[in-house]
Structures are given as C-alpha cells and as structure tokens.
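K.L.:
Predicted structure and sequence below. I'll ask about it afterward.
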Amino acid sequence: MLAVVHVLGSMLMLFSIAYVMPVVTSLIYADGLLVDFVAASLICLCAGALLWAVTRRNKRELRSRDGFLLVSLAWVLMSAIATVPLLLAIPGLTFTDAFFETMSGLSTTGATVLVGLDGLPPSINLWRHALCWYGGMGIIVLVVAILPLLGVGGMQLYKAETPGPVKNEKLTPRITQTAKALWFIYFLITVACILSLKVAGMGWFDAVCHSFAAMALGGFSTHDASVGYFNSVPIEMVLIVFMLIAAMNFARHFIAWQQKSLRTYATDTEAKSMLAVIGLSALGIALYVWHAGVYPGFFTSLRHVAFNLVSIATDCGFVSENYALWPAFAPMWILMLSCYCANTGSTGGGIKMFRTLVLFRQAGRELMLLVHPQAVRPVKIAGQVVQNQIVFAVLAFVVLYFGTVVVLTFSLLASGLDFMSAFSAVIACINNAGPALGIVGPAENYQILTDFQTWVCSLAMLLGRLEIFSFLVLLTPSFWRK
Amino acid sequence: MKIIILGAGQVGRTAAQHLAREEANDVTVVDTDDELLRDLQDRIDIRTVQGNAASPRTLELAGAGDADMIVALTNSDEVNMVACQVAWTLFGTRTKIARIRSQAFTRRPEIFVSTEGEPPAQLSGFAVDMYLSPEETVTAYIERLVRYPGALQVVDFADSRVRIVGLRAVKGGLLVGQPIRAIRQHIPQVDARVAAIYRGGHSINPEGDTVVEHNDEVFFIAATEDIRNVMSEMRKAEDPVKRVVIAGGGNIGLRLAQKLEEDNHEVKIIERSSARAREISEKLRGTIVLNGDAADEELLVEENIDSADVFCALTNSEEANILSALLAKRLGAHRVMALITRPAYAELMQAGPIDVAISPQTVTIGSLLAYVRRGDVVMVHSLRGGTAEAMETVAHGTRGGKVVGRAVEDIKLPEGARIITLVRGDRVIMAHHDSVVETGDHVILFLADKRHVEQVERLFQS
C-alpha cells in the first residue's frame, strides 16, 4: 500500500510538468492567470514530493495487485489536483463541479458543467483540453513511457489502464518502448489534426484545442455551441476523419507507421466492422431524418447526421446540431452506437467493437451447436482464434457493464432525475461520450444536476475509462486480504 | 541488442531472464505453448510470440528483420539448426546461436559455419555462429566437481588456466580460524586470492586480516594446478574420489559415466527404464549399469552406497533427485550432489544435507551471456545460483583511460565488484592493490551483486 503511494508521489511530481502548456498559453494571451497556474503546478509538485518523501522507505517492485490500486488512485488524485486552476480562476465554482470537469477531461468524456465557454480565459480552456489529451492515450501509459519505473511493474500498470480484452500484446519487447511508441504516434496524428483544422479554417488556438479533444475522443469545445459554432463543412469533415482514426487501434497506426504501408488495416476486422456500422447507420438515419422532414435537403441531413453520429458513436462528444430534437429513433440509435463502436486500444470508451464481435460470434457458435451438436468451431476474429478464456472474460465484462449501468441509473432515478435523463447520462458518462439526452442533452449541459448526481456521473466516467474491472477489483474483499 | 530466443523451456526461460535483466537488451521469446508464454510475460519485461520457431512467418512476427541475435534453444536440434539457417537466409541475422544436444552433430563441427565476420560466398553448412550443448557443459561441470572433493562450484577462466573454486570452509583446514594473510606463510610457492566470503548468506569483503570461520562459503581463485593445495587450506585434505554412483542414465548421466570410467573410477549407474539401461550398458565399458529405482533403499544398501565417495542424482525430475540424494546421504554416501533447476529448491537444499546443488541452467548460461555483453567479454560464470557473477574481460585502450594504465586500487568499480586476477599472455597475476592493468590483459572480476554488471561493462568498453 505504501509502496503504491511512493510511486504515486513520483507520478504527481511528473504531472506538475503538465502545467507547462497552460502556463505558456497564459503568457501568450496575457490573460492574467499565470500566477494561478504556476501556483497550481507548485502545489502538485509539493504534494507529490511530500508523498514520495514520506514513503521513501517503502519502495519496492510493484506486483500486479498494486497496479490496480495505483491506477485507480492515480486517476482520482490527478483529477482532484487538476481542479486547482479551475477553482482559482472561476469564482463560485464548487469542488464537486470542478472535479466533474477535470474527471470529464481526463477520462475523455467531454461532458461539461461550465457555461460561457467562449468567455473563459484561453489558458483555462487549454487546460481542459490538455487534460483530455493526456487522458486519451492514458496518463499511466505516459508515466510508464517517461519514468523508467519498474520493469515488470510497468506492464501491470499498463494492463490495468489499457482498454480492451487482449492486453498481452506488446508492440516492442520493453514496456517503456511500447508506451513511448503509442505516445509518439498519438502525438504525430494530433499534429496532423491541428494542421488540417487550421487549413479548414479554424484559428490556431481553436485548432489546437479541438485537435486535443478530437484525438482523445474527449469532445470538449471552446464554445458553448461546440462545433456548431463554426458551421463549416470542411471543419466537420476533418473532424470526422480524425475521430474515426482515433477510434481505431493505435497499435495498428504504429505498425502502419513502422512498415510505411497501409496493409495492416486490411486485416483489421474490428476497424472494418466499425466503419461499416457507422457508415450504414449514418446513411440510414440521414434518410430517416430527411424523410421526417427535419431538414429540407438530403445532403444537409446527411451532413448533420454524419457529424453528430460519428462524434457520439466514437465516444467523442462534439455536437453541431441539437440532435435531441430529431425523431426519438435517431438519438437513441446514436446513443446505442456509442456503447460499442470504439476499437480496442483506441482512445474511445464503451464495450469496444472487439468484445461485441466476440459476443456475436460466440452466439453464432451456440446456434450452430444446436444444429450440429458434435461440431468443433472456435471463435475466430480476423482468422485468429479467440481463446475461451477471453470469451469468458468478455462475457463477464459485459455483465458488469450492464450491471453498473443499471445500478447507477437507479441511483440517479432515486435522486429525482427523470428516466430519459438518468439513463442517457449514465450511458454517456460510462462510455466517455459526453452529451446525453433529456435535461442533459446536446444543447444543455451537466450544470443542472445536483451535487449527488454530479458525483454519480463522475464515478461512471472513472469506471468507464478504467473498464470497470480495474476499479471494481478494489471493492472485493479478496483484494485486500494479505 | 535485439535478441530473439526460440523455445521457452528451462534453458530458454533462464536465458530470457538473464538477458532481459540487462537494460540494453530487448528480448522476444518464441514458443508453441501459449500458456507458458503468457506466464513468462507476466514475470519479465519481454515480448512473446506464439508459433513454430523455424517458420519464417513466426520469425518475421518476432522481429527477425532487425534482430541482432537469434538464440535457438528449443528441444529439437533440427529445429534449432533450421531456425538459424532461415534467420540467416531470409533476414541476414548477424549472430545465430543454437542449442545442439546430440553428439552426432557436435562431433562434426564442420556442418556449422559461422557467418559473423566475413560472410562466406557460398554457405557450406548450417549458418550457426556458435552452438551450446547444455548437456556437455553440465557434464564437464559435474566432472570437475567430482574431481575436487569438497568444492561447491568450479569454474574456468583463461582457457582453463585459472579456476575459481567455491567451497565451504571446515574446521581442520589450515586457514580456518586464521586471517587470510596467513595463507602466504602456509603455502609460499602458491599464489592464490580469496575473491569472496559468504557468512550466513551475506557477502563480506575479504581483506588481509579477515578471519576465515568454520562454515563460511569461500570463493578463491588460483592457477589450475594449484587448486588442490589451496583447497586443503580451507578443509582437511580429502582422498581423491574413487567410487561414484550415478542416479539416472539420461544424457548427462551417460556422458559423466563415460568420462569417469576413462579415468578408472568405479562407476555405478542406476536407471529406471530397462530399455534405457540396456541401451547405455551397450555404450559403457567398465561401468555397472543397474536397472532399478534410485530411491529404492534396498537397492542402494545392496550396492554399498555407504562406501560411495560421491552420489550424483541426475534424473530429469528434480524432486526425485532431491529425495534420492537425501536418502543416499542418510545411508552413508560420503558426498551427494543433485541436479536441481529451481533456484528456490537449490537454496533450500544446499545449506542442508545435500552437499552440492547443481543448477544446469546457470552453468549453461555463462557462454551465452559472454556473447551478449558489450565490450570484449570472454567468459561469464554465474555463481551462487545466479546472485553473484565472475567475469573475464579484456582491457583495451591506451594508458590514461579508465582502466588501462591504472593501478587496481585507482579503478572506480561499483560496490561489490573486485578485480581479482590479471592474465597477461601466459602469466597469471593475482591482483594486488598496486598491480597496474596493461592493454590486452584479461581481467577477471568478481561481482557480489549482479545488478552492477552494466557499470562494469561500461567501464571496460571505453
């Protein structure tokens, strides 16, 4: 336990460097928050140094158990300490709301409790987006890449944070190199996104912020009207492309970069399934919405449906139109897509396409076994056999996922929220998507929730980002037994 | 260095562990057994690939394209040879090391062609730069132990001119109870140095006035011909070994029996399988082959185990080795040795009734490690079950560098590392604080803590 705190201390010290970005922004725009950010950075550094020094004697190699505790603690603690600049700069902001905002950033949810985003100082807006970006590839993965921490211990941490059912795949022999490789490719694509958005007509500041949010599939915006503010087809198209890239497995991107060829995508069943589902859904819903007479032309309908659908389905959370006003089928379908479209190893949330494929193929196998009881038929994805062990783990995950959704929805209902808002808020938070429906719909924000409801949503975001297991294991008695 | 290890068996796992411990190495392990690999990857920081080791596809997945070294350690000689060949032909891998067990191959070394230096225009054999033969190495190691009664570990340096011997000091040895310095007066004609002393499992730095106590584990170095003299300093001189009983007629047991019977030892070998017993009896001349269970009390008593000088338990099962060695000791065998792979078992047993626990993988790993190390490392031997290490490296450079031209006391070595001997041409020089290292010297170092290996390497690299 104390050994975990020791590592946590060094992580916090490292995190204080993260404040460089808003500090520089504050210098450029002279928005008067320089002192606040420097102070916040120092607070973070001192807190880390204190934890580190106090537990100096307990240093030891981390075991797999420690990984879970460390990852959960790190996410909670970093979200908490990241609230400092918000609390200093925005008068009247409660800690509950500030924590929701930072957790929403780090977990790449993109739900906000702040109103008047356009009027916020640039450094604060950048801080929100930077949190998104750090959280996207994973703060622990970043730590593993930078701190030559703990050999095998690094792998345990990595496994506890990385999304997806197959966590044993390493891109390189050393875990630190794998982490570095992932962050490198993430950084590279982010730069490409910034340049594309600039060319598409955004200002530099907006381009940087929106790229951070798009690549992390976070969905924060610098405007209350989100991407709708720009009302620009090129910007929407650029964002669609980069959101789809971010929703694919970054390991694939790295391999493609390494081989300097796109061949690897051809065997990526997961990405192909995602593109097919999203493509067909976008066409179908565009027709449906057009037919219902919401928009005058099919192409206008297609434009708005495509952008909002991709944004929510990949768990990003940008909005360009108030899609809650579309006939109920459309927003519900979009919300449903957000549960499973993102890929393993992407920056998105939810169940993940890989698990969905496993479940469907497993169901197909059961059906086939009814007809041919003697048949031998392993579950295969992209020609690779999926071990039974993984199939079981997927089943357990899905059960826990829906169990969590039910429990959290009931907690929100008990606190007095209406069903549509409660259910959609939990789904949007646990998938790290962002906008929900009802009173927390795309045109509203989470400001309206009570403190209790806000905390429930914060918890849902954390559970969703750590894929439930890593956090839930802390609540089992056997975890704490010596 | 990017290294691919083929085969996650006993030797492969140990190799992966040792190699991955050194920061500079990136290790990928290939095996057909998925579960074995998963377990391995959870414990050490490596990458694993499942598949047939000799298949080009598997090798490609494992990154043979930019690997510096392939170490083929699977159970099958043929797979190892083919894997090396494939790696060379398709990927041009620079260094290829194969494990070759069968003597049928090792007796004809011309079938292996090294491609490391100047690649031959036409390959006239398998592209294998070096082959390891664990059974042969282990047999040679056990043979040395048998020859030096009382030794726990005997390792060779500088083409067997110098040896490091580890043994337990026993009352009755001339030096026991006296400071190390006294050895000069006892045997003035012999030059030897105490490299390390372990007391109660902890290393103590041996100085001239350190007193050797009963039950200390002492490592000393001396020229090969002086070893016996020095050993008698630490324990009562013992008669040369005559009667040896070997349990287990596997590869190692058979080879050991063959070596020992050449020197007129009286060897008995106990083998459980009657077919195998018949097979080895055909290959042996003077050795008595017994078909039976090595843990059978009656058989052991009947074969006069109480007059055996050495009992070696060398079967495939380490549990059986431990039990039969314990039994033999109880029944009066003078000295018992057992082949034990698990370090934890070895540690449990070595301090107790089993005199020597032989860990085959640490014996084998030395020559491999020497190959991987940076700088000009000639030989590496793991000592004390892999916690300590002795290494022979060549000092290069001009005077005024970090090593060459400096006196031993002026060389900045990490904690626990000591320069114990210099070999200059044919001369063996025991290192004193004022001995000066010349370029081209083979320097033999003792490292009490393996974690400092890289610092030592870096020192000698420049």
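P.N.:
Received, thanks. Residues are numbered from 1 along each chain as shown, chains lettered A, B, ... in the order given.

K.L.:
Excluding chain neighbours, what is closest to the residue in chain A positioned nearest to chain B?
P.N.:
Ranked by Cβ to the nearest Cβ, the top residue of chain A for proximity to chain B is A:Pro173, at 3.8 Å. All C-beta spots, glycine's among them, are computed from the backbone N, C-alpha and C. Sequence neighbours aside, B:Asp26 is the residue nearest to A:Pro173 in space, at 3.8 Å (criterion: Cβ to Cβ, 6 or more residues apart in numbering or on different chains).

K.L.:
The one you found and A:Gly434, how far apart?
P.N.:
In this structure, B:Asp26 and A:Gly434 are 40 Å apart, going by Cβ to Cβ, to the nearest Å.

K.L.:
A:Leu114 too?
P.N.:
A:Leu114 is 13 Å from A:Gly434, by Cβ to Cβ.

K.L.:
Can you tell me, leaving aside adjacent residues, what's nearest to A:Gly416?
P.N.:
Nearest residue to A:Gly416, sequence neighbours excluded (Cβ to Cβ, 6+ apart): A:Thr450, at 7.8 Å.

K.L.:
Do I have it right that the one you found meets A:Ser415?
P.N.:
Yes: counting by Cβ atoms under 8 Å, A:Thr450 touches A:Ser415, with 6.4 Å between them.

K.L.:
At the geometric centre of chain A, which residue sits there?
P.N.:
A:Thr108 (3.6 Å; Cα atoms, centre = their mean).

K.L.:
contacting residues around that one?
P.N.:
A:132, A:135-136, A:216-219, A:315, A:347-349, A:432, A:465 (Cβ atoms under 8 Å, 6 or more residues apart in numbering or on different chains).

K.L.:
rerun that using 6 Å as the cut-off
P.N.:
Neighbouring residues of A:Thr108 by Cβ atoms under 6 Å, 6 or more residues apart in numbering or on different chains: A:132, A:135-136, A:216-218, A:432.

K.L.:
and the residue lying closest to it once chain neighbours are set aside, helix, strand or coil?
P.N.:
Distances taken as Cβ to Cβ, 6+ apart put A:Gly218 closest to A:Thr108, at 4.1 Å, once the chain neighbours are dropped. Three-state assignment for A:Gly218 (DSSP: H, G, I helix; E, B strand; the rest coil): coil.

K.L.:
what number of residues lie near A:Gly218?
P.N.:
By other Cβ atoms under 10 Å in any protein chain shown, 33 other residues sit near A:Gly218.

K.L.:
which residues touch it?
P.N.:
A:108, A:110, A:132.

K.L.:
same thing but at 8 Å, please
P.N.:
Residues near A:Gly218 by Cβ under 8 Å, 6+ apart: A:105, A:108-110, A:129, A:132-133, A:135-136, A:212, A:316-317, A:434.

K.L.:
Setting the sequence-adjacent residues aside, check what's closest to B:Glu116.
P.N.:
B:Asp129 is the one closest to B:Glu116 (Cβ to Cβ, 6+ apart), at 4.8 Å.

K.L.:
need the contact list for the one you found.
P.N.:
Contacts of B:Asp129 by Cβ under 8 Å, 6+ apart are B:95-97, B:114-116.

K.L.:
I'd like the contacts of A:Gly218 as JSON lines, with secondary structure and pLDDT appended.
P.N.:
Below are these laid out as JSON lines (DSSP: H, G, I helix; E, B strand; the rest coil; pLDDT from 0 to 100):
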{"residue": "A:Gly105", "secondary structure": "helix", "pLDDT": "93"}
{"residue": "A:Thr108", "secondary structure": "coil", "pLDDT": "91"}
{"residue": "A:Thr109", "secondary structure": "coil", "pLDDT": "91"}
{"residue": "A:Gly110", "secondary structure": "coil", "pLDDT": "88"}
{"residue": "A:His129", "secondary structure": "helix", "pLDDT": "94"}
{"residue": "A:Cys132", "secondary structure": "helix", "pLDDT": "93"}
{"residue": "A:Trp133", "secondary structure": "helix", "pLDDT": "94"}
{"residue": "A:Gly135", "secondary structure": "helix", "pLDDT": "91"}
{"residue": "A:Gly136", "secondary structure": "helix", "pLDDT": "89"}
{"residue": "A:Phe212", "secondary structure": "helix", "pLDDT": "95"}
{"residue": "A:Cys316", "secondary structure": "coil", "pLDDT": "91"}
{"residue": "A:Gly317", "secondary structure": "coil", "pLDDT": "89"}
{"residue": "A:Gly434", "secondary structure": "coil", "pLDDT": "87"}
